[in-house]
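> coordinates only, sequence not included:
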């Protein structure tokens, strides 16, 4: 069976540019409305603005993401679509917990950091400006490096000669070697040496192999069998690892892989909602399990297999949930909310205590083999959790908008957001080209872009954007050189 490229004449809808302009207009209006409410701090007006702001962001970005996917299904593989969708959740749905959350949930939030309605409104203004600048950076870049192009149906890239079946097998074998031969032994405490961060990224090749397998499963029964035989054990491993990222990727990547083949929006939404429900159901166990591992072992990464299985058993049999003390606390909603973290960062900067976390972006590209004593950038979230709560035990994200303000005030917010928008535009253009041409060898680059769009701006900038961008270009160059050699050695 041959997998052809998309038919000649396929284009990225020009409506995307008009769509972004409408979003920018709405966000610009929202900024002035919320700013007026902030300057005139009348309680009913502030409360109304704290409802209007997030609801507008949620509705505008969420509907725009859905319209973009319906207009051009391939857009689901870009940072652009994922940024719209996840920003709607984190900066639209999330902050509403402070307005509509029950008393127990609000009490839990206030136990960590008391957030006044006026301070909450400032974070909503912060999010509005940040999202506006991300989309503005994207829009300006797209004017010079347009997404719109016509696919000839024949790729000029040598990577196109690599069939999807071969890419799937290569990713599954090579990625599986790292996943089950290197990473898993480390996670279950069978090895003690420190694993470089790049190897944790190489392991994702296995998930990308499953993604290509789900694409092929739409066409071939044998690949359908292979997919389910490999995916179910991988889902089990992700749950036992107590890793939200691995769990989310294991659930979502096969869904969008199959969507590339069948292109049925309803089917995508159905499976996407099912994956989201599974994630929400398992997420409390992941958080609780990771905390228990820290209490028992002093870290959140390593625990024996028996420890992990015992924790899962305790969770389901004895009900040891994070919310056991008060089951009415809505932890799923709290996880979407970054307002307390942002308000804390804003208060720190305004009090004359700016952060210097962006300095890590200057050396994150330097390999540890060249600089063995390079500071560990992955500790930023752990240090921030300790600073905010006075406790230890987990990794806490701040987000680019809050981090930008904490480092340089509004200039930092504008700068980081515009940079992110430029990066998303460049990566979105490349992703559409690779996916339309079925150049699956570049899927790791596509996945890095998706990850940056989805959660990159909820992490610290060095870890969420700068670091993955370095890996993106290293892998892109490597695959390009390999495919050149492959094409040259191929019989004419």
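Yes, it's here. All values derive from a computational prediction rather than experimental measurement. Residues are numbered from 1 along each chain as shown.

> Give the next helix or strand downstream of the helix or strand of the chain with the lowest mean pLDDT.
One helix or strand of the chain scores below all others by mean pLDDT, DSSP states H and E: helix 197-202, with a mean of 66. For helix 197-202, the following helix or strand on the C-terminal side (DSSP states H and E) is helix 204-217.

> Heading C-terminal from that next one, find the next helix or strand.
Next helix or strand after helix 204-217 toward the C-terminus (DSSP H and E): helix 221-241.

> Pull out the buried residues from that following helix.
For helix 221-241, the neighbour count (16 or more other Cβ atoms under 10 Å) marks 223-224, 226-227, 230-231, 234-235, 237-241 as buried. C-beta here means a position set from N, CA and C on the backbone, and glycine is covered the same way.

> mind checking how far residue 28 is from residue 21?
For residue 28, the distance to residue 21 equals 10 Å [Cβ to Cβ, to the nearest Å].

> Same check on residue 423?
Distance of residue 423 to residue 21, computed by Cβ to Cβ: 20 Å.

> who has more neighbours, the two?
Applying other Cβ atoms under 10 Å to residue 423 and residue 21 shows that residue 423 carries more neighbours, namely 24 against 12.

> Buried residues of the helix or strand harbouring the more buried one, list them for me.
Using DSSP H and E, residue 423 sits within helix 410-436. Within helix 410-436, the residues scored as buried using 16+ other Cβ under 10 Å are 412-436.

> Low-confidence stretches in the stretch 301-450 of the chain?
Low-confidence segments of the stretch 301-450 of the chain (pLDDT under 70): 301, 318-327, 368, 372-378, 393-394.

> Helices of that one, start to end?
For the stretch 301-450 of the chain, the helices defined by DSSP state H, counting those that start in this stretch occupy 305-318, 331-334, 339-350, 380-389, 400-408, 410-436, 443-455.

> neighbouring contacts of the fourth one?
When you say that, I think you mean helix 380-389. Here helix 380-389 makes contact (Cβ atoms under 8 Å, 6 or more residues apart in numbering) with 112-113, 340-341, 344, 357, 360, 391-398, 459-460, 462-463.

> what does the last one give?
Residues lying outside helix 443-455 but in contact with it, judged by Cβ under 8 Å, 6+ apart, are 77-83, 85-86, 167, 171, 201, 204-205, 207-208, 211-212, 245, 253, 420, 423-424, 427-428, 430-431, 434-435, 464-465, 468-469, 471-472, 475-476, 479.

> Quick one, which of the residues you listed are buried?
77-83, 85-86, 167, 171, 201, 204-205, 207-208, 211-212, 253, 420, 423-424, 427-428, 430-431, 434-435, 464-465, 468-469, 471-472, 475-476, 479.

> What sits closest to residue 213 if chain neighbours are left out?
With sequence-adjacent residues excluded and distances taken as Cβ to Cβ, 6 or more residues apart in numbering, residue 213 is closest to residue 227, at 4.4 Å.

> so which of the helices of the stretch 301-450 of the chain gets nearest residue 102?
Among the helices of the stretch 301-450 of the chain, helix 331-334 comes nearest to residue 102, with 9.8 Å by Cβ to Cβ.
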